[in-house]
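*Asks:* Following is a predicted model, sequence given first.
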Amino acid sequence: MALTHLLLSLISASAILAAPVNDENTLSSFMDKDFTSEMSSLIDGFDKFTAEDIAYLKGIIIDRESFANEHEILDKMRREAPETYTKFIQFLKPFYNKMKKLNEEAKKFFLDISQELAPTMSRSQEPTMEEMVTMGFKVSARYSALSAEAKKSIAEQFPVIAKGFNLINDLEKSMTKMFEI
């Protein structure tokens, strides 16, 4: 659950924080080509959920801290809302298949940041813009510290997220240069 929310948040944060760097690597290009394509593939999966499914899932997200782990959440869903559970598992399957293909360092990166950011992402109130920016830069800094092999692994499985991180890093560099005295 946290990994799914993290994935959606990372894609969104990447788009929000990305800034023009050069003609081929701009926020506009990122939004028009990469982000739109990634989001439309996710939205295709969302259309299977009814309003009742979404309300149930939102309740699970709000209640997340009352569960010891994701297995408890899935067990509860399986018992209480079997149709929603089946749709949810089918929706997550492509993401989990990609996660399995990541190298160990990249897997650890996603798992660590999902645990670290879970409290902010699982509460009922949406994060503020300031929290999103802070999370984006924090996660981006951790991404920057990864080995070249881990970055390559992420780029192969989640190219939009990797591109978003690169845009955020370029934005940080631009801002640093802009404020140098």
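*Replies:* Thanks, I have it.

*Asks:* Any idea how many residues pack against residue 71?
*Replies:* 9 (other Cβ atoms under 10 Å). C-beta coordinates here come from the backbone N, C-alpha and C atoms, glycine included.

*Asks:* what does residue 85 give?
*Replies:* Neighbours of residue 85 using other Cβ under 10 Å come to 19.

*Asks:* so where's this structure shaky on pLDDT?
*Replies:* 1-45, 118-125, 180-181 (pLDDT under 70).

*Asks:* how about the helices in it?
*Replies:* Remark: helices assigned in the chain by DSSP state H are 2-17, 27-29, 36-46, 51-62, 70-80, 82-101, 104-122, 129-144, 148-157, 159-178.

*Asks:* tell me the angle of the fourth one relative to helix 104-122?
*Replies:* Going by axes from the mean of the first three to the mean of the last three Cα atoms, to 10 degrees, helix 51-62 is angled at 100 degrees with respect to helix 104-122.

*Asks:* buried ones in helix 51-62?
*Replies:* Within helix 51-62, the residues that count as buried by 16 or more other Cβ atoms under 10 Å are 53, 56-57, 60-61.

*Asks:* okay, those residues in JSON lines with distance to residue 172 next?
*Replies:* Shown next, in JSON lines, are the buried residues of helix 51-62 (distance: Cβ to Cβ, whole Å):
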{"residue": "53", "distance to residue 172": "39"}
{"residue": "56", "distance to residue 172": "39"}
{"residue": "57", "distance to residue 172": "34"}
{"residue": "60", "distance to residue 172": "35"}
{"residue": "61", "distance to residue 172": "30"}
